[in-house]
Structures are given as C-alpha cells and as structure tokens.
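Student: this is the structure alone, sequence omitted:
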C-alpha cells in the first residue's frame, strides 16, 4: 500500500493526470507497433466499447483487422472512423474500399476509390481503378470457368500455398499445436507454419497430411515451396532463421527469406539462403518458369512500387547455379498495393494475387501472359468462383489435367482462417487479343512517302509509349499494341508542319494500318495554283459598286507584294469577281475596273507591269447560290453577297 501511495503522490507532484483508458490504449499501441494485432485488438475494442471514440483507436482497430485479412471486422471500425468526418490519410480510403467490397457494398467502395483517386491520383491503384470503372462487368465475363470445392486437407488453423511434388501436394499449415514447445506468432496468435505433404490417392483424394521434412522445419515459419521437375531441388520461404541463428531488421523484426534445399537420398539437406535476401526486407513465395531458368518471387526490396507492400520480381538462374540481379516486373503488374504469390505455367502464363488491381475484395487472383519480348499481356481477373469477396491467393494449376488449387479465407465451406480449395478448369480465360500497329508518313499534297520523319506513339492520356523514325519508304511499325484502346500518332520533320492523328485499336487480333499526312511549311506552288490558299491570304473584298482598294484589302495585297518580291520570276493573273446585283454587263465592267485597280496598287508598290495580267469575270463565277438572274433580285444577305466580291491571284509563270 505504501508503495502505491508513493507512486500516486509522485504522479500528482509531476502534474500527470492518468486515466484507465489512456493506460489501456498505451498498452495496445505497444502491441500494435510490435505487430501483435490479436492482443492489440482485444484492448482497443474494450476501450471502444466503453464509449471512447478516437480517430486513432478506430484507425488502428481497422488496420489491425485489415492486416490480419479479417476484412468484415475491419469494415466495422473503418465505418466508425469515416463517420467521424475527420481528415485521414489517403491510404485509408483504399483500405476502406476493400472492406466495403468484403461486405458486398460495391457502390460505396467505388465512391471511396473515387475519393482515393482525388487524393492520390498518381497512385497506380487509383489510376487503374479510374480507367476500369466497368471492372465488375469484366469480372463477370471471366466468371463461371471453374468448379471449386474444399480440398479436404484443411484444419481449423491456417492452411495455404500449394505446390506439386511427385505424387504429393505440399502446402503450409499452422496445425502444429500438439507440442508443448510449439510457439505462436503474435500477429495471428496461431502456431508458426510448417510444410506438410498429402499424397494423392487413386480416386484423386488425399491421404492424411504429414510434415513434409523434419530437416527443413525450424522454430519459425516455413511456407510456399516450389520444386524442380526432377524433384531434387526445392525453393521455399522461411523466416530469417538458418543454422540456429535468427536475423532481424533495423527495427528488430524477423522478416522472410527464400531458401534452397537439395535432396540427398530421402532427406532434404544443404539449406542455404539465396544471395539477394536481406535482413532489411522480405523475399517470399517462389515460382519457377517452365525451363527453370527464371525464379519469380514476391518482395518489398528496394525498387518496389508498393514501398512496404510487396511487388513481384524475377531473377535469372544461371547455368553455374549463380543468380542474376532481381528485376521488378513493372507497373503494369505491380501497384502500390500487394502483388504476391506468383505462379508460372508451362504456357508462360503468370498467375498472381493482388489487391491493387480492381477485384471483388481483398486479394484476387489475376492472370497475364509473359511474352517473349519481355512485355506482358493484359491483366485479367479470373473471376468467380476462384475469387471471392475475401482474400484469394496462391493459385496453382496443372495445364494437362486442368486441375488446380487456390487458397482463401472465404466464408463458404471454410474450416477456419485460410483454407485450400481444389478446382477444375472447365473453360479457359480468353486469350489476349494481339494487334500490330503499322503505318506510313506521306506528303499531304503529293501523297509521296516521307522518310526519316520522327513518329511518336502516345496513349489517350498523352503518355509517350514508343518513338521511331520512318524508313526510306516512309513506313513505321510500332509492333504490338493493346487491343480495344485509343492511341495517338504524332509525326514531324523539318520543313513540314507537325501532324497528329487518332487511331482506334479494335478488340480483335490483327493489324491496324495508319497514315499520317504532313503539310509543307512552305508549300510548293505550280502554274495554275491560287496563292490565296497557299499563302493563307484572306479574300480581298470590295464595297458595293466600288473598285477602290479598302484598307483591309491593302493588308492582304501586301502579302501578294511580299511573295512577288521574294519570287522575282513569278507572274500573276489577277481575277476579279462581283456579286449578282446589277446587270451582267455592269458587273463585268465593274470587276474589270477592280482587277485593274488591284494591278495598279501592286505596280505602284514596286512590281513590274509585265509580271501582272488580269481581267474581270463579273458575276459569271459566283461562289454560292446567290444568283440574281433573270430578275436581278436575291434574298441573300449582304455577307453572302460580299463573298462573291473578291479578287484571286493565279500563278501564270514560275
């Protein structure tokens, strides 16, 4: 009692007022910061249930459930958070949208994604969502292509991440709870996972799962393995722990690494970590290309678009057993969200899980084609029933039998946490449409090809996609482009005006041919051409019944003057016209006076008389339907009549 009194007195003397809610929140904060989300949630919820409303408490409750992939529970607290109408970080709009999908409220989820775009428009997730507002319709097109059911090998604990190995299915499980020394992971309050194997029976079912390899098992997580075709090499995920030593990052957290083991007799041995691992970031979930020359994996290593989230990378496996430099698969696949659990088929299709691309909720499974030139095809959501409102990941399929597995924490037919589901593909996802974009650059007037023109391809948002130069025949070839898109092609060359055309790429395989016509900056003129059009000279107008040069006409005549001065061999024929009012004879005489007036102005300003000819044409060549014969009357407006009162300048000699 004396000790308590002393402590209380000391607190009062120092001016501290401590209440029970703050003590509890402080304890929860410590658990939250250590990723002990199960313990943190218990305390935060007690505080919230007693009416303590706080942006921080609701945010951390939502996050704690979100990071455990308990999206429905996270939705409850994010809803409380947003009901407070307080300013929150943009990322919370994205998370809230994901949890809204988990409870089936796609309309509100889309509204949150729109606000996420407004606050973070440069984020790849926001940009993709903005461009794919009809994502649910697209998902529906790809749905119904699988028959799916619980695999029958699950426990009440987490089971996920399958791999084919001879006549076994190897997977990760947290079911190892029988040992007194069994340790639990504070994030989920479940035992650390080990690799288990279940042999396939003759009827296609499984025998009871057993631990896959005692020599590989450790005190921490082992999960997600992949095997070479000869069955003698295994790549797998494990916490940063090897040879009895654990490694931590700068914040004292034990992250994930990739390891390699080889088979000697009946035992897996020579467990070594891969050289691109690090104590400071995680590397996990390996997958092999069909030729086993490329290893794919998920990581948040430097160069990750998602920052602390994971991207999918690849690294070459060299003939001598060494490895190349890991490469990020790029922002067509990776986003600021989670891209993880890659799997590559023998047809070079990449399946992966993502919450950054538009989906049904949580992680969804997507597929794309890995092309020979290093590019990737369109990103397609594989639809229901493989995907659900919850997390769906670790897709695996045998293309020969069309049978496969996926992991999910969905509600349906679930024994607890993550379960493994088996499926049969009954209809494949449609193959990518492939379009080639070719074309030619030509002279607008002669239609002759223009070589060495700079030709640039842009998407509809003015993002530069490709650039090349037209060949000797004026041709260009942009190669493969995305189907069902609108693109822009811009061509330019010295002495020509730059031109841009829009091209619509159809949603079917084929070749789209295009043509860009360039206009000469200084046009080539020939005998018979009108320099009015060539030099952009406005029509020279005259007042009714008059032939004197108006001030505005003098401005346009100055262009003719400059042109003839710069081209001293050119000879011009001046052709003057009138409207239809007055008699034909009167108009013929009037137009002739106008032609002579125009010629006189040019001679007065320095042009030799022998370079100029001209005459009047009266009303014989009207440019509209404003004729007056035989009544000498017309209903046309003054503006319409004035278009006929004009002078034209035709080249007679160069």
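Tutor: Nice, thanks for sending it over. Computed from a predicted model, the values in this text were never measured in an experiment.
Student: and this protein, what are its domains?
Tutor: 23-120, 146-425, 435-520, 531-653 (automatic domain parsing).
Student: and the first one, how far out from the chain middle?
Tutor: A distance of 27 Å separates the centroid of the chain from that of domain 23-120, by CA atoms, centre = their mean, to the nearest Å.
Student: for the second one, same thing?
Tutor: Between the centre of domain 146-425 and the centre of its host chain there is 25 Å, according to CA atoms, centre = their mean.
Student: kindly report the same for the shortest one.
Tutor: Domain 435-520 sits 23 Å away from the centroid of its parent chain (CA atoms, centre = their mean).
Student: quick check: end-to-end length of it?
Tutor: Taking CA to CA, to the nearest Å as the measure, domain 435-520 stretches 32 Å from start to finish.
Student: what is the mean pLDDT for that domain?
Tutor: Averaging pLDDT along domain 435-520 gives 93.
Student: next: stretch 256-276.
Tutor: 93.
Student: the stretch 301-450 of the chain: strands as residue ranges?
Tutor: 311-316, 327-328, 339-344, 349-354, 364-369, 380-381, 392-398, 403-408, 419-425, 435-443 (DSSP state E, counting those that start in this stretch).
Student: what strands line up against the fifth one, and which way round?
Tutor: Sheet pairing of strand 364-369 (DSSP bridges) gives strand 349-354 (antiparallel), strand 380-381 (antiparallel).
Student: for the ones you listed, give me TSV that also has distance to residue 410 and mean pLDDT.
Tutor: (Glycine included, C-beta is placed from N, CA and C.) Converted to TSV, the strands paired with strand 364-369 look like this (distance: least, CB to CB, whole Å; pLDDT from 0 to 100):
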stretch	distance to residue 410	mean pLDDT
strand 349-354	13	96
strand 380-381	16	95
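Student: need those in CSV with distance to residue 138, can you?
Tutor: Output for the strands paired with strand 364-369, formatted as CSV (distance: least, CB to CB, whole Å):
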stretch, distance to residue 138
strand 349-354, 15
strand 380-381, 7
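Student: tell me who's in contact with residue 473.
Tutor: By CB atoms under 8 Å, 6 or more residues apart in numbering, the contact set of residue 473 is 440, 449, 451.
Student: swap in residue 103?
Tutor: Contacts of residue 103 by CB under 8 Å, 6+ apart are 71, 72, 75, 389.
Student: let's go with 10 Å and repeat that
Tutor: 71, 72, 75, 76, 79, 109, 361, 389 (CB atoms under 10 Å, 6 or more residues apart in numbering).
Student: now the residues you listed as a markdown table including pLDDT, neighbour count and secondary structure?
Tutor: Below are these laid out as a markdown table (pLDDT from 0 to 100; neighbours: other CB atoms under 10 Å; DSSP: H, G, I helix; E, B strand; the rest coil):
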| residue | pLDDT | neighbour count | secondary structure |
| --- | --- | --- | --- |
| 71 | 92 | 25 | helix |
| 72 | 92 | 15 | helix |
| 75 | 93 | 23 | helix |
| 76 | 91 | 17 | helix |
| 79 | 92 | 17 | helix |
| 109 | 93 | 21 | helix |
| 361 | 93 | 27 | coil |
| 389 | 95 | 23 | coil |
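Student: what's the most distant pair in the residues you listed?
Tutor: 79 and 389 (16.0 Å; CB to CB).
Student: what lies in contact with stretch 632-644?
Tutor: Residues outside stretch 632-644 that contact it (CB under 10 Å, 6+ apart) are 539, 541-544, 577-584, 586-587, 619, 621-628.
Student: what's the average pLDDT for that stretch?
Tutor: Average pLDDT, stretch 632-644: 81.
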